[in-house]
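Chemist: mind looking at a prediction? Sequence and model below.
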Amino acid sequence: MEWTGARYADMPTAEVQTWIDAPPERVWPLVADIELMPKLSDELQSVEWLDPAAAPAVGAKFRGHSKHHALGEWSTVSHVVEYEPGRVFGWAVEDVDQPTATWKFTLRPERGGTALSQWMRMGPGRSGLSFAIDAMPDKEQKIVFVRMREFEQSMTRTVAAIKTLAEQH
């Protein structure tokens with residue numbers, strides 16, 4: 001795991017990686033299945049394509065419903081910004097130009113299997129975290145640090161679960 005940035009305005013990023021003993025053709029359907037993701041996440045509760053006929057492809061949109069013990073419940077609309085089957089699936093949350101976050105899975109053939117990474121960047125658009133920072137500006141670095149650790153832990157569990165599923169087939 002690697003993450004950078006200490007303040008929200010720095011647009012902190014996190015990335016986790018794993019190697020999977022399965023070819024990208026077996027890993028890709030898992031990564032591209034947005035409806036599988038809530039089963040792999042404590043925070044994400046459900047996801048649905050807003051126009052199933054247009055999905056998945058660049059420009060397609062999906063709604064995610066999330067829940068967090070300290071942040072409550074919320075829904076967001078994500079826009080697919082990168083979609084190369086077998087290689088990359090990326091989306092911007094809420095606004096394509098000023099997303100509250102950007103997420104991406106990348107697959108790469110490696111050593112007879114697949115190198116899978118999940119990457120995310122906070123901001124630059126305002127998110128629910130912005131309200132906590134507004135209320136406690138002197139604690140911004142701690143707030144960002146804690147949230148990035150949560151993302152890192154969740155992403156680590158997600159890629160591990162994808163690895164397990166891909167290697168079972």
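Modeler: Yep, it's here.
Chemist: need the residue closest to the centroid of this protein.
Modeler: For the chain, the residue nearest the mean C-alpha position is residue 103 (4.1 Å; Cα atoms, centre = their mean).
Chemist: quick check: it is in a helix.
Modeler: No - applying DSSP: H, G, I helix; E, B strand; the rest coil, one finds residue 103 to be strand, outside a helix.
Chemist: show me what it is bridged to.
Modeler: With DSSP bridges as the criterion, residue 103 is bridged to residue 91, residue 120.
Chemist: cool, and residue 61?
Modeler: With DSSP bridges as the criterion, residue 61 is bridged to residue 79.
Chemist: ok, it - contacts?
Modeler: Applying Cβ atoms under 8 Å, 6 or more residues apart in numbering, we find residue 61 in contact with 49-51, 55, 77-80. For every residue, glycine as well, the C-beta is placed using N, CA and C.
Chemist: how does it look with 10 Å?
Modeler: 49-51, 54-55, 77-80, 91, 96 (Cβ atoms under 10 Å, 6 or more residues apart in numbering).
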